[in-house]
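> pasting the sequence and the predicted model now:
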Amino acid sequence: RRSTTSSAATNTYFSSRGFSSESAPERKVAILGAAGGIGQPLSLLMKLNPLVSRLALYDIAGTPGVAADVSHINTRSEVKGYAADEQLGQALEGSDVVIIPAGVPRKPGMTRDDLFKINAGIVKSLCEAIAKYCPNALVNMISNPVNSTVPIAAEVFKSHGVYDEKRLFGVTTLDVVRAKTFYAGKANVNVADVNVPVIGGHAGVTILPLFSQASPQANMSDEEIKALTKRTQDGGTEVVEAKAGKGSATLSMALVKNILHGQLQLFSQQQTPLDCNLIPYVRLGKNGVEEVLGLGPLSDYEQQGLEALKPELKSSIEKGIAFVHGN
Ligand code: NAI
């Protein structure tokens, strides 16, 4: 691995001094799309995370301001901004965790799939660079449509011989967060105690919350469960419409910090396996996903939902694969 430290001395980069910490090991996080609606609060949260020692902020617009601003926060990590295509390699080099919120968000009336044309190309080129500069990083895909951008990443990594299914994540944390919040409101229980697994993908009916496995258990009618399921599936659209053309969910995305924190812990010296309750049925270990635990018992309604989502999920996956192979 080449070091990026010396290049930081040139004035093409926007950097700050880091503060060393003897107890925590070195860990580098790169955010691609760091100056956007999601990228900015995410950059802030990563700067506040004591497990991060180097934070690379990359965007094609607005990076210097965000990097300068975030770098003034008096936490451990060294922040550098990277603002142009030719700096992408340096932004990525040596990264342990890469987070991708680059691309356009929805406007009212759009589905996530409407973003495909623009975002597919962005994600593909960013993943080409990841394959080259940090093939062992854990990669977290936020850019929509997640159901297609994750397969795009997988195909790009395969074509470079660096694909590891244990290290590629589609970020659907928001669906879990929404399911928990809506369930707690309806069941009238403390939201902090609530757990709701969500399976499937990250668009419309492909989002399937499993309220039959929610805890604490509450007595709810079939109609109430249906309404909660629909609200969880439409949660993103609710935000897009409320923002009326000024963006999609960027603040509630903040909860993604929990899964990222879990991933960062994997690089700690103890490397303790971690049960991450934000990713249902998956146990994370030092190599990423170490065990897929199965779906658990589904209600009839959930079973029907699972069957109904499969064709849409499959076609979104195929669309991503076809894009990479030029079909
Ligand atoms: P935004 O438009 O505010 O920010 C996107 C950023 O990406 C901009 O700063 C832009 O300059 C940058 N960008 C564009 N092309 C780039 C490239 N080639 N390399 C690096 N950066 C590039 O959008 P926002 O709201 O931050 O959303 C970003 C993405 O996240 C969208 O695709 C959106 O649909 C998705 N999203 C995903 C969610 C999830 O739960 N997975 C939730 C909400 C949004």
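That came in fine, so what should we check first?
> who touches whatever residue of the chain ends up closest to the ligand in this structure?
Evaluated by C-beta to the nearest ligand atom, the chain has Gly36 as its residue closest to the ligand, separated by 2.0 Å. Quick note: C-beta positions are derived from backbone N, CA and C, even for glycine. Listed by C-beta atoms under 8 Å, 6 or more residues apart in numbering, the contact partners of Gly36 are 59, 101-102, 250.
> where does the stretch 151-300 of the chain have low pLDDT?
Applying pLDDT under 70 to the stretch 151-300 of the chain picks out residues 266-282, 286.
> what does it put close to the ligand?
171, 174, 202, 247-250, 253 (C-beta under 6 Å from any ligand atom).
> just put the residues you listed in a markdown table and tack on neighbour count.
Output for those, formatted as a markdown table (neighbours: other C-beta atoms under 10 Å):
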| residue | neighbour count |
| --- | --- |
| Val171 | 23 |
| Leu174 | 22 |
| His202 | 25 |
| Gly247 | 16 |
| Ser248 | 23 |
| Ala249 | 22 |
| Thr250 | 18 |
| Met253 | 22 |
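> can you list these in JSON lines and add secondary structure and distance to Glu93?
JSON lines is the format used below for these (DSSP: H, G, I helix; E, B strand; the rest coil; distance: C-beta to C-beta, whole Å):
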{"residue": "Val171", "secondary structure": "coil", "distance to Glu93": "23"}
{"residue": "Leu174", "secondary structure": "helix", "distance to Glu93": "30"}
{"residue": "His202", "secondary structure": "coil", "distance to Glu93": "29"}
{"residue": "Gly247", "secondary structure": "coil", "distance to Glu93": "31"}
{"residue": "Ser248", "secondary structure": "coil", "distance to Glu93": "31"}
{"residue": "Ala249", "secondary structure": "coil", "distance to Glu93": "31"}
{"residue": "Thr250", "secondary structure": "coil", "distance to Glu93": "28"}
{"residue": "Met253", "secondary structure": "helix", "distance to Glu93": "26"}
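> how far away from the center of its chain is the strand or helix carrying Pro311?
For Pro311, the host element (DSSP states H and E) is helix 300-324. Offset of helix 300-324 from its chain centre (C-alpha atoms, centre = their mean, to the nearest Å): 20 Å.
> stretch 62-76 too?
21 Å.
> and that stretch, average pLDDT?
Averaged across stretch 62-76, the pLDDT comes to 97.
> for the stretch 1-150 of the chain, which residues are neighbours of the ligand?
Contact residues, the stretch 1-150 of the chain versus the ligand (C-beta under 6 Å from any ligand atom): 32-33, 35-39, 58-62, 101-106, 115, 119, 122, 126, 142-144, 146.
> separate out the buried members of those.
With burial judged by 16 or more other C-beta atoms under 10 Å, the buried subset of those is 32-33, 35-39, 58-59, 62, 101-106, 115, 119, 122, 126, 142-144, 146.
> inside helices: which ones of those residues?
Among these, the members found in helices (DSSP state H) are 39, 119, 122, 126, 146.
> my guess is Leu208 is in a helix, correct?
No: applying DSSP: H, G, I helix; E, B strand; the rest coil, one finds Leu208 to be strand, outside a helix.
> from the buried ones among the residues of the stretch 1-150 of the chain next to the ligand, which land in strands?
Counting by DSSP state E, these place 32, 58 in strands.
> Leu55: which element?
Secondary-structure element containing Leu55, defined by DSSP H and E: strand 54-58.
> can you pull up the most central residue in this protein?
Centroid-nearest residue in the chain, with C-alpha atoms, centre = their mean: Val171, separated by 3.3 Å.
> contacting residues for it?
Contact analysis of Val171 by C-beta under 8 Å, 6+ apart lists 99, 140-142, 146, 202, 256, 259.
> and it, how close does it get to Pro101?
Distance from Val171 to Pro101, counting by C-beta to C-beta, to the nearest Å: 8 Å.
> secondary structure class for Val289?
strand.
> not counting sequence-adjacent ones, nearest residue to it?
The shortest distance from Val289 to any non-neighbouring residue, by C-beta to C-beta, 6 or more residues apart in numbering, is to Lys166 (4.4 Å).
> buried ones in the helix holding Pro311, by neighbour count?
Neighbour-count burial for helix 300-324 [16+ other C-beta under 10 Å]: 302, 305-306, 309, 312-313, 316-317, 319-321, 323-324.
> returning to what we had before: dump the residues of the stretch 151-300 of the chain next to the ligand into JSON lines; add distance to Leu228 as well.
Converted to JSON lines, these look like this (distance: C-beta to C-beta, whole Å):
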{"residue": "Val171", "distance to Leu228": "22"}
{"residue": "Leu174", "distance to Leu228": "16"}
{"residue": "His202", "distance to Leu228": "18"}
{"residue": "Gly247", "distance to Leu228": "25"}
{"residue": "Ser248", "distance to Leu228": "21"}
{"residue": "Ala249", "distance to Leu228": "18"}
{"residue": "Thr250", "distance to Leu228": "24"}
{"residue": "Met253", "distance to Leu228": "21"}
